[in-house]
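Peer 1: sequence and predicted model, in that order:
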Amino acid sequence: MEQVLITNISKKELVDIIEQTVMGVIGSTKTQTTNIRERPIGVSKAAQILLLSVPRIYRKSKNLEIPHFKKGNRLYFYESELEAWLRGGHKLSNDQIDSLSDKYLKINS
């Protein structure tokens with residue numbers, strides 16, 4: 001094992017470095033495990049999540065309106081992708097649009 005000598009560093013700085021390193025490792029482990037654990041769901045479960053009928057799910061998949069993948073003759077979905085797709089349809093209120101346009105005009109003027 002290689003020995004490392006650290007000089008000119010306070011105890012607080014050392015503790016901060018260790019905490020940041022540990023949190024980085026824990027954070028990367030969490031994202032890896034959540035991605036691995038997500039399993040594909042079928043059409044009926046997707047219909048329940050989106051509050052749509054099964055035929056509507058098939059139609060949206062055929063028209064490439066909804067994120068999906070096919071294996072053989074079956075359609076599969078990831079719940080996280082469906083939720084992201086739902087969030088993507090979010091409409092801004094008039095106040096939010098006004099606020100964003102004001103920020104844009106300030107930046108570009």
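Peer 2: Received the coordinates, thanks.
Peer 1: any regions of the protein where pLDDT drops low?
Peer 2: 1-7, 14, 28-36, 109 (pLDDT under 70).
Peer 1: hey, where'd the helices end up in it?
Peer 2: Here the chain has its helices, by DSSP state H, at 11-37, 43-50, 54-62, 79-88, 94-107.
Peer 1: which residues touch the last one?
Peer 2: Taking contacts as Cβ atoms under 8 Å, 6 or more residues apart in numbering, the residues outside helix 94-107 that touch it are Leu92. The C-beta positions use only the backbone N, C-alpha and C, and glycine is treated the same way.
Peer 1: can you do 10 Å?
Peer 2: 90-93 (Cβ atoms under 10 Å, 6 or more residues apart in numbering).
Peer 1: hey, C-alpha coordinates of it in CSV?
Peer 2: Extracted as CSV, the C-alpha positions of helix 94-107 are listed here (Å, rounded to 0.1, in the frame of the first residue of the first chain):
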residue,chain,number,x,y,z
ASN,A,94,-49.2,33.2,-18.2
ASP,A,95,-47.2,34.4,-15.2
GLN,A,96,-44.4,31.9,-15.8
ILE,A,97,-44.3,32.9,-19.5
ASP,A,98,-44.1,36.6,-18.6
SER,A,99,-41.4,36.0,-16.1
LEU,A,100,-39.3,34.0,-18.6
SER,A,101,-39.8,36.5,-21.3
ASP,A,102,-38.7,39.3,-19.0
LYS,A,103,-35.5,37.4,-18.1
TYR,A,104,-34.8,36.7,-21.8
LEU,A,105,-35.3,40.4,-22.7
LYS,A,106,-33.0,41.5,-19.8
ILE,A,107,-30.2,39.1,-20.9
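Peer 1: follow-up on the earlier one: including distance to Glu65 and neighbour count, could the contacts of helix 94-107 go into a markdown table?
Peer 2: Below are the contacts of helix 94-107 laid out as a markdown table (distance: Cβ to Cβ, whole Å; neighbours: other Cβ atoms under 10 Å):
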| residue | distance to Glu65 | neighbour count |
| --- | --- | --- |
| His90 | 16 | 7 |
| Lys91 | 17 | 6 |
| Leu92 | 21 | 10 |
| Ser93 | 24 | 8 |
